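Participant: have a look at this prediction, sequence included:
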Amino acid sequence: MTKADSNSLPRRIRPSSEPLSDVGRELLKSPEVAAILPLVLRDYQHVINNLAAVWGEPLRVNAIFDKLLLSDRDGRQGFPLAVVVELSELRNYYHQRIIPTLVKISPANRHANTGVVGDEPSLGIATRRGTGFRL
């Protein structure tokens, strides 16, 4: 195979050499999170660092998950399947366990903070711009 041929093949995302940050280590103090991510912790510590840096901001965390799990770049093969599974499990954990603990909106402010109309169920996460986030 020539160099030109190898450049046209899809490239797998390479493991990084970035060390785990302090916020990354803090995130991994959660036994549930640490149990979900053994391969990501071993090979892709920069991913943990990026998620940990915005862990309390659901819109930003979701944007990172979307970028990691939905490829929009040509020529990318992406992560190995086992890593994709771990990231998908972490995303599910985040939506089921973390977002509900971040959201504590009283019924009196529910409509003002989220823009929800009527009794429509919502997680109602107020963002800096005052718009709501819903699942």
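Facilitator: Perfect, I can see it now. Quick caveat, the model's predicted, so the values are computed rather than measured. Numbers count the residues shown, from 1 in each chain.

Participant: mind showing which ranges of the chain have poor pLDDT?
Facilitator: 1-14, 16, 73, 75, 104-135 (pLDDT under 70).

Participant: now do the domain split for it, please.
Facilitator: 3-102, 104-135 (automatic domain parsing).

Participant: residues near Val47, how many?
Facilitator: Val47 sits with 23 neighbouring residues when counted by other Cβ atoms under 10 Å. In short, each C-beta sits where N, CA and C put it, glycine included.

Participant: any idea how far Arg25 is from Gln77?
Facilitator: 30 Å (Cβ to Cβ, to the nearest Å).

Participant: compare the two (neighbour count), which wins?
Facilitator: For Gln77 versus Arg25, neighbours defined as other Cβ under 10 Å are more numerous around Arg25 (14 against 11).

Participant: name the helix or strand for the more buried one, please.
Facilitator: helix 22-27 (DSSP states H and E).

Participant: pull out the buried positions in that helix.
Facilitator: Val23, Gly24, Leu27 (16 or more other Cβ atoms under 10 Å).

Participant: between those, which is closest to Asn92?
Facilitator: Within the buried residues of helix 22-27, distances to Asn92 taken as Cβ to Cβ reach their minimum at Leu27, with 16.2 Å.

Participant: if you skip the residues just before and after it, what's nearest to that closest one?
Facilitator: Nearest non-adjacent residue to Leu27, counting by Cβ to Cβ, 6 or more residues apart in numbering: Ala52, 3.9 Å away.

Participant: which ones are touching that neighbour?
Facilitator: Ser21, Val23, Gly24, Glu26, Leu27 (Cβ atoms under 8 Å, 6 or more residues apart in numbering).
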